[in-house]
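Q: Here is my input; please provide its structure:
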Amino acid sequence: MLFPVSYYLWWQYAEHRHDVVLLALSMPVVFAYVIPGLGTNWLRLWEFNTRWRLGRFRPHHGFVFGTATSLFGLLCIDALPAKPGGLDVVRTAFVLGSVLAFWNWLYDVYAIKAGFVVVYNRPYHEGAGPEAVATAYAPVFFGTFGACYGVALALSRHTVDWGSGIWWLIAGGNLAGLVVPVLAFVAYSSLTQGETGLQSYEGRDEHVRAHATRRIEP
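A: Below you'll find the model as predicted:
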């Protein structure tokens, strides 16, 4: 319901440039449809417990997440600086990445506690609490997406004279928003858990407790 409001606010911010608004809204919407859609129905890493579902995925999730994320982006981005520079891009990426990492982690913790979302990752299989389950993926996943989103938003403010270049930014931003978080998550999971994190633990009845496999020396 707030999607038209977000579109209007970004349209005002971008000085009535619909191409910039398309970038600001398409990145989180596409991300929230493609990644959860594959994660739920293909990899079976998690599922939504809602009344309306397409398989294990709620059909309106992309617009819910996309609208909220675009409004966070609007709050985090500064006014157009007089002299654009690399520091502006880095600052926007860091701020938006940090904001999305924290708030999505907090949201997922409470969603898991309420049973609204079930995540079949390794911490879940080992009997860990919602905080540990969400920490295994949310900060790195949403943080890197937020960084990509911040870079694209910062660059979009300097594209007045780009001509068709804004469309390359839209395409590149959406591609980066899909690929970079997955690669970062796989690298993080490989370093911390010794596996890619793309394995589903759904249906494995026997929990693997870390302390049970740890050898105790006298």
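
Q: just the strands in this structure please.
A: 46-48, 117-119 (DSSP state E).

Q: Please name the nearest non-neighbouring residue to the one residue sitting closest to the centre of the chain.
A: Taking Cα atoms, centre = their mean, the centroid of the chain lies closest to F142, which sits 3.5 Å from it. Among residues not flanking F142 along the chain, N104 sits closest, at 4.0 Å (Cβ to Cβ, 6 or more residues apart in numbering). (Each C-beta comes from the backbone N, C-alpha and C, glycine too.)

Q: From what I see, the one you found and V140 are in contact.
A: No: taking contacts as Cβ atoms under 8 Å, N104 lies outside contact range of V140: 10.9 Å.

Q: Who has more neighbours out of the two?
A: Comparing N104 with V140 by other Cβ atoms under 10 Å, the one with more neighbours is N104, at 24 against 21.

Q: and that one, how far is that from G165?
A: Distance, N104 to G165, using Cβ to Cβ, to the nearest Å: 30 Å.

Q: do Y13 as well
A: 20 Å.

Q: quick one, which of those two is more surrounded?
A: Y13 (18 against 11).

Q: Now the more buried one: closest residue in space, sequence neighbours ignored.
A: Nearest to Y13 is L74, by Cβ to Cβ, 6+ apart, at 6.4 Å.

Q: what's the neighbour count on the residue lying closest to V34 once chain neighbours are set aside?
A: Excluding the flanking residues, the one nearest V34 by Cβ to Cβ, 6+ apart is L178, at 5.8 Å. Using other Cβ under 10 Å, L178 has 17 neighbouring residues.
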